[in-house]
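Asker: Quick one, structure for this:
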Amino acid sequence: MQTVLIVEDNELSMMLFSDLLLSKGYRVRKAADAETALQILDEDVPDLVLMDIQLPNLSGLELSQMIRSDARTTDVPIIAVSACAMRRDRERYGRYCNDYLAKPVRVGKLLSAIHRQLPPEVKAAATANRADASVALSRQNG
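Answerer: Numbering: from 1, shown residues only. Predicted structure coming up:
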C-alpha cells in the first residue's frame, strides 16, 4: 500500500484529502504543521507528500527544501497545494515540488497529479507481472 503524507493545517482540507486518499486505497499519514511532518518523516518515508504551502511557523516551501536536502527523502515526490496561483509562485514551488495545485483543489486534478507522480500499485504490479511473464516466455522459447 502506498503512503501519502498530507501536510495541511486546515482541518476541513485535511479531512477531505485524507478521506479521498483512503477511499482510493492509499495509506495516509497526517501533519498539521512542518514540525509534525518532520517527526513523521524521521519515522517513515512516504511514497508522496501532499504539501500545503501556507503553514504556521515553517512554510511548506521551507519544509519542501528540507525534504529535498535529506538523502532519505530527496526523491519523494511533493505536490504543492496553495491558494496562491500567481505564475511567480508556481515558479518558486517548482524548484522543490514536483507538481502544483491551486486551491480549491478539484478531485480529478488531485488524483491526476498523484497518479503522475505515483502510479497506482495495481498498474505497477500488473506491468511488472507482464514483464516477468515476457522474460519467462522468452527463456522458454530461446
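
Asker: Give me the neighbour count for residue 75.
Answerer: 10 (other CB atoms under 10 Å). In short, each C-beta sits where N, CA and C put it, glycine included.

Asker: Please shift the residue numbers so they start at 138 in all later answers.
Answerer: Understood, numbering begins at 138; the last thing we discussed is residue 212.

Asker: Is residue 141 located within a strand, as I assumed?
Answerer: Yes - with DSSP: H, G, I helix; E, B strand; the rest coil as the criterion, residue 141 is assigned to a strand.

Asker: That one reaches residue 188, doesn't it?
Answerer: No - judged on CB atoms under 8 Å, residue 141 makes no contact with residue 188 at a distance of 10.6 Å.

Asker: When the two are compared, which one has more neighbours?
Answerer: Taking other CB under 10 Å, residue 141 and residue 188 do not tie; residue 188 has more neighbours (28 against 23).

Asker: The nearest residue to that one once chain neighbours are set aside: how many residues sit nearby?
Answerer: Closest residue in space to residue 188, ignoring its immediate chain neighbours: residue 197 at 4.5 Å, by CB to CB, 6 or more residues apart in numbering. Neighbour count of residue 197, defined by other CB under 10 Å: 27.
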